[in-house]
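**Q** here is a sequence together with a model predicted from it:
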Amino acid sequence: MNWKLIFLLSLFGLAMAFATLTLIPSRYEYIFWIVIFILCAYIIARLCSGQYFLHGFLVSLVNCVWITIVHVYFFSTYIANHPDVEQMSNRMMLANHPRWQMLLMGPMVGVLCGIILGLFAWVASKLVKRPVAGTMS
């Protein structure tokens, strides 16, 4: 398991956590995530020697930690820039406790995204050629 790679790739999630506070509207966020998932999947396929799905899954779990912490800590800023998220959360359980709601939903979203990134990484491992040991590429 390449923990250094998992941590480094999770920094995309940390960057997105801050970018989604004010810069990236909810309706365009998925575009950034697709690009990040494709890039992460390629890097995992290129640099790992196995367990591609698990590497992708763990990257997303660490991402969800970053994102949940940032969004909970900067809740007022996040909600001020994402009224659609506020409206949606008002219809869910714990509507009177939106930070708790984020703490509960964050890991669920992390697992779902982990499955997606894990599949992306697995597929990429079938398409991407790894460098042969001892050669420069």
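**A** Ah, there it is. On a predicted model such as this, the values are computed, not experimentally measured, just so you know.
**Q** CA only for contacts and neighbour counts going forward, please
**A** Noted.
**Q** next one: the helix or strand harbouring residue 64 to chain centre, how far?
**A** Element membership for residue 64, per DSSP states H and E: helix 52-73. Averaging C-alpha positions (CA atoms, centre = their mean, to the nearest Å) puts helix 52-73 5 Å from its chain's average.
**Q** send the alpha carbons of the helix or strand following that helix over as PDB?
**A** Sequence-wise, the next helix or strand downstream of helix 52-73 (DSSP H and E) is helix 75-81. Extracted in PDB, the C-alpha atoms of helix 75-81 (Å, rounded to 0.1, in the frame of the first residue of the first chain):
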ATOM      1  CA  PHE A  75     -19.800  26.200   7.500                       C
ATOM      2  CA  SER A  76     -21.100  29.800   7.300                       C
ATOM      3  CA  THR A  77     -19.000  30.700   4.300                       C
ATOM      4  CA  TYR A  78     -19.900  27.400   2.600                       C
ATOM      5  CA  ILE A  79     -23.600  27.800   3.100                       C
ATOM      6  CA  ALA A  80     -23.500  31.500   2.100                       C
ATOM      7  CA  ASN A  81     -22.100  30.500  -1.200                       C
END
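**Q** which helices and strands sit right next to helix 75-81?
**A** helix 3-22 (3 or more CA pairs under 8 Å, 6 or more residues apart in numbering; DSSP states H and E).
**Q** in the helix it packs on, what's buried?
**A** Going by neighbour count (16 or more other CA atoms under 10 Å), the buried part of helix 3-22 is 5-6, 9-10, 12-14, 16-18, 20-21.
**Q** for those, which one is nearest residue 66?
**A** The closest of the buried residues of helix 3-22 to residue 66 turns out to be residue 14 (CA to CA; 5.3 Å).
**Q** pretty sure that closest one sits against residue 67.
**A** Yes. If you go by CA atoms under 8 Å, residue 14 and residue 67 touch, sitting 6.2 Å apart.
**Q** quick one: contacts of stretch 22-41?
**A** Here stretch 22-41 makes contact (CA atoms under 8 Å, 6 or more residues apart in numbering) with 9, 12, 20, 56, 77-78, 81-82, 84-85, 117-118, 120-122, 124-125.
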